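Q: Give me coordinates for this.
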Amino acid sequence: MGFNFIGLIKAAVANGTPLLFGTSGEILTQKSGNMNLGVEGLMYMGGAFGLCGAYVYSQIAGDSASGAIAIIISIISAFASGALGALLFSFLTVSLRANQNVSGLALTIFGTGVGQFVGELMRVKVGGYVSVPNALKNAFVGPVFPELFRNIPILGELLFSYCIFVYLGIFIVICMWYFLNKTKKGLYLRAVGENPSTADAAGISVTKYRYLATCIGGGISAIGGMIYIMTISGCVWNHTALSGEGWIAVALVIFCFWKPLNSLWGSLLFGVLLVLYLRLPLPFIPTQIYKIVPYIATVLVLIFVSMKQKKDNQPPAGLGLNYFREER
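A: Presented below is the predicted three-dimensional model:
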């Protein structure tokens, strides 16, 4: 069987889209100076609550259920769960000034537990697998562009054959880049992340910007978990499906040098690594070893970035440091 390059790219885009949301959300968070290591937990919560929202809606609406409404409900449910989890993290680190690394790890444990509880609770309630009707599944995974665009030779499959979340992710990343680099509010946010004491002296509310950036970023990351469950997992709850996705997203933030646009190709690259063992099997490499390539790449990324000490590629100067106004 020959190697299918277009098939590899399409699979990479599908698997990289959850990472794109997780990475871009964490970039926004870290630009404010908050290092939230709880992305894994946020994605679990987003996956469970996103599926729950679509499932409950399908049960209430029955045969008249609309795919567009189901998608909107899933996005809102996932975003709200992630924002609430990030709000807890913000309260601990911004208001109570708890250690950010410890708080982030606690959020990972908490969020994973909440996601597992909600997912298993749904499964027990229905007495089996939790899923949505096929009509709604097609709305989540089906291509958003009409067939006329998809039939364009080569480019049609490469550019116009994806679900709505791929294009939504690209749109969010572009908006985030514009906000951070072209608006006054974005400049204020970056100032808070670089030097909160100077930003505070200039009249910028450090607390407000850190709370907003962390909560919105956490909501975006949680949408990535919902996308994974609703597309890659086939709208069926799988308690092990999201394992490791959040940690790869955190590593991608560093790999992308905290630049939103870089997350586009970074997530695509790791999407390739996640599916390479399926699309390009190598008989001399055991499957178990092949499957851990993305995680080996994650470690190599961290080593590579730490060796490239360029000023433009460094994290915000205030990242991970709590701000004590009385010490200004």
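Q: ok, how many other residues are close to residue 16?
A: 26 (other Cβ atoms under 10 Å). (C-beta placed from N, C-alpha, C; glycine too.)
Q: Kindly report the same for residue 203.
A: For residue 203, using other Cβ under 10 Å, the count is 7.
Q: Same question for the one 3 residues further on.
A: When neighbours are counted by other Cβ under 10 Å, residue 206 registers 21.
Q: now it, nearest residue through space, not along the chain?
A: With Cβ to Cβ, 6 or more residues apart in numbering as the criterion, residue 206 has its nearest non-adjacent residue at 4.6 Å, and that residue is residue 196.
Q: what helices or strands is the one helix or strand residue 90 maps to leaning on?
A: Here residue 90 is covered by helix 67-90, with elements defined by DSSP states H and E. On a contact count with 3 or more Cβ pairs under 8 Å, 6 or more residues apart in numbering; DSSP states H and E, helix 67-90 meets helix 39-61, helix 100-126, helix 134-141, helix 206-227.
Q: if we can go back for a sec, can you pull the contacts of the residue nearest to residue 206?
A: Neighbour list for residue 196: 33, 206, 318, 323 [criterion: Cβ atoms under 8 Å, 6 or more residues apart in numbering].
Q: Please apply the same query to residue 271.
A: 11-17, 19.
Q: Residue 294 versus that one, what's the distance?
A: 9 Å (Cβ to Cβ, to the nearest Å).
Q: Please apply the same query to residue 300.
A: 11 Å.
Q: Which one of those two is surrounded by more residues?
A: Applying other Cβ under 10 Å to residue 300 and residue 294 shows that residue 294 carries more neighbours, namely 22 against 12.
Q: Residue 281: what secondary structure?
A: coil (DSSP: H, G, I helix; E, B strand; the rest coil).
Q: For it, grab phi and psi.
A: Phi and psi for residue 281, reported as degrees, to the nearest 10, are phi -70, psi 140.
Q: contacting residues around it?
A: Contacts of residue 281 (Cβ under 8 Å, 6+ apart): 287, 290.
Q: Can you turn the buried part of the contacts of residue 271 into a ChimeraX selection?
A: A single ChimeraX command selects the buried members of the contacts of residue 271 (16 or more other Cβ atoms under 10 Å):
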select :11,12,13,14,15,16,17,19
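Q: What are the buried residues along stretch 80-88?
A: For stretch 80-88, by 16+ other Cβ under 10 Å, it's 80-86, 88.
Q: Columns distance to residue 232 and pLDDT on top of those, output as a markdown table?
A: Listed next are the buried residues of stretch 80-88 as a markdown table, based on distance: Cβ to Cβ, whole Å; pLDDT from 0 to 100:
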| residue | distance to residue 232 | pLDDT |
| --- | --- | --- |
| 80 | 22 | 98 |
| 81 | 19 | 97 |
| 82 | 18 | 97 |
| 83 | 23 | 98 |
| 84 | 24 | 97 |
| 85 | 22 | 97 |
| 86 | 23 | 97 |
| 88 | 27 | 97 |
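Q: okay if I get the helices and strands packed on helix 67-90 as CSV plus mean pLDDT and distance to residue 285?
A: Shown next, in CSV, are these (pLDDT from 0 to 100; distance: least, Cβ to Cβ, whole Å):
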stretch, mean pLDDT, distance to residue 285
helix 39-61, 94, 27
helix 100-126, 92, 30
helix 134-141, 90, 30
helix 206-227, 97, 29
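Q: Please identify which of the ones you listed is closest to residue 168.
A: Of all these, helix 206-227 sits nearest to residue 168, with 8.5 Å by Cβ to Cβ.
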